[in-house]
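Engineer: return a 3D structure for these sequence lines:
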Amino acid sequence: MTTRKKPTPPAHLSAGAKQAWKEVTAAHPDPATIVGPELEAYAVAIARHRDAADRIDTEGAIISDERGRPIPHPAFDIERHAQADIHRWAEKFAPDDSDPLGI
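Structural biologist: Now for the predicted structure:
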């Protein structure tokens, strides 16, 4: 009987990207086939999306600029770009036709 070694995320990834990397590999039936630079980029995009969403949730959708005027939170731009990256990569890393992270 052969046991497969569970892949570990690269040390250079942020804590959030490591967590996303672990979630993606845990959901995939054959994680060894998806490990590599593309998975790292995907995990970073997921982490950035989550971080931006958390900042918006914590700080509010509308914040004040340097002059005290209300503006949309700049994290919306980060969130949108990360979400586009996630959708660009998601099919490659999904274990089936579903979106494993619900994004």
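Engineer: quick one: the helices in the protein?
Structural biologist: Using DSSP state H, the helices of the chain run over 15-27, 37-59, 75-93.
Engineer: so how far is V24 from the one residue sitting closest to the centre of the chain?
Structural biologist: Taking Cα atoms, centre = their mean, the centroid of the chain lies closest to I46, which sits 0.7 Å from it. According to Cβ to Cβ, to the nearest Å, I46 and V24 sit 8 Å apart. In short, each C-beta sits where N, CA and C put it, glycine included.
Engineer: got any ranges where this structure has weak pLDDT?
Structural biologist: 1-4, 96-103 (pLDDT under 70).
Engineer: got a list of what S14 touches?
Structural biologist: By Cβ atoms under 8 Å, 6 or more residues apart in numbering, S14 lies in contact with 44, 47.
Engineer: one more time with 7 Å, if that's ok
Structural biologist: Residues near S14 by Cβ atoms under 7 Å, 6 or more residues apart in numbering: A47.
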